[in-house]
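> Structure of the sequence below:
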Amino acid sequence: MTALLDTHTLIWAIYSPKLLSRKAAKILVDGDNVLLVSAASAWEIATKVRLGRLPEATVLELNFLDDIKAAGYFQRGVSVEDGLRAGRLTGAHQDPFDRMIAAQALADDIPVISVDAKLDLFGVRRIW
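Modelled structure (predicted):
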């Protein structure tokens, strides 16, 4: 299975795996799965650390590339097409990071591993 991690899923997987659902945890430890981390998550973490809204992720922000590589995750860049798709998504959910993650999941036809039910508004397949 290929899946895209939501930002909080990435943080919890690295720092607080007990916060993950059993299903999410099982997927994350299965070496046969291809787990993607969006550049939008890097942007979100860096922004929130800078603003003081996510101090627990300071070390992750500093070591982002090394930490995702060590966890066995793969980078998912952001393309112009992703930006257009994210901007065109309809629905009341306005968070730009979530919109990008949803747009990428839809483009790649893969689920998002996330507790955030607001992603369902975009028609994303969500696993939790």
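> Could I get the full set of strands for the protein?
2-5, 34-38, 74-76, 112-113, 126-127 (DSSP state E).
> residues in contact with stretch 78-98?
If you take C-beta atoms under 8 Å, 6 or more residues apart in numbering as the criterion, stretch 78-98 is touched by 6-7, 38-41, 43-44, 99-100, 102-104, 106-107, 116, 118-119, 121-122. C-beta here means a position set from N, CA and C on the backbone, and glycine is covered the same way.
> try 7 Å this time
7, 39-40, 43-44, 99-100, 102-104, 106-107, 116, 118-119, 121-122 (C-beta atoms under 7 Å, 6 or more residues apart in numbering).
> Please, a PyMOL command that selects the buried ones among these?
Only the buried entries of the contacts of stretch 78-98 go into this PyMOL selection, using 16 or more other C-beta atoms under 10 Å:
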select buried, resi 7+40+44+99+100+102+103+104+106+116+118+119+122
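> So which of the contacts of stretch 78-98 sit within helices?
Here DSSP state H is the test, and the contacts of stretch 78-98 give 7, 39, 40, 43, 44, 99, 100, 102, 103, 104, 106, 107 as lying in helices.
> which residues touch the last one?
Contacts for residue 107 were tallied using C-beta under 7 Å, 6+ apart; they are 81, 82, 85.
> Which single one of those is nearest to residue 58?
For these, the closest approach to residue 58 (C-beta to C-beta) belongs to residue 82, at 26.9 Å.
> how close does that closest one get to residue 49?
Distance of residue 82 to residue 49, given as C-beta to C-beta, to the nearest Å: 23 Å.
> For the two, indicate the residue with more neighbours.
In terms of neighbours (other C-beta atoms under 10 Å), residue 82 is the more surrounded of residue 82 and residue 49; the figures are 22 against 18.
> on that earlier part again, ranking the strands of the chain by mean neighbour count, which comes first?
strand 112-113 (a mean of 27; mean count of other C-beta atoms under 10 Å).
> just how off-centre is that strand within its chain?
When C-alpha coordinates are averaged (C-alpha atoms, centre = their mean, to the nearest Å), strand 112-113 and its chain have centres 7 Å apart.
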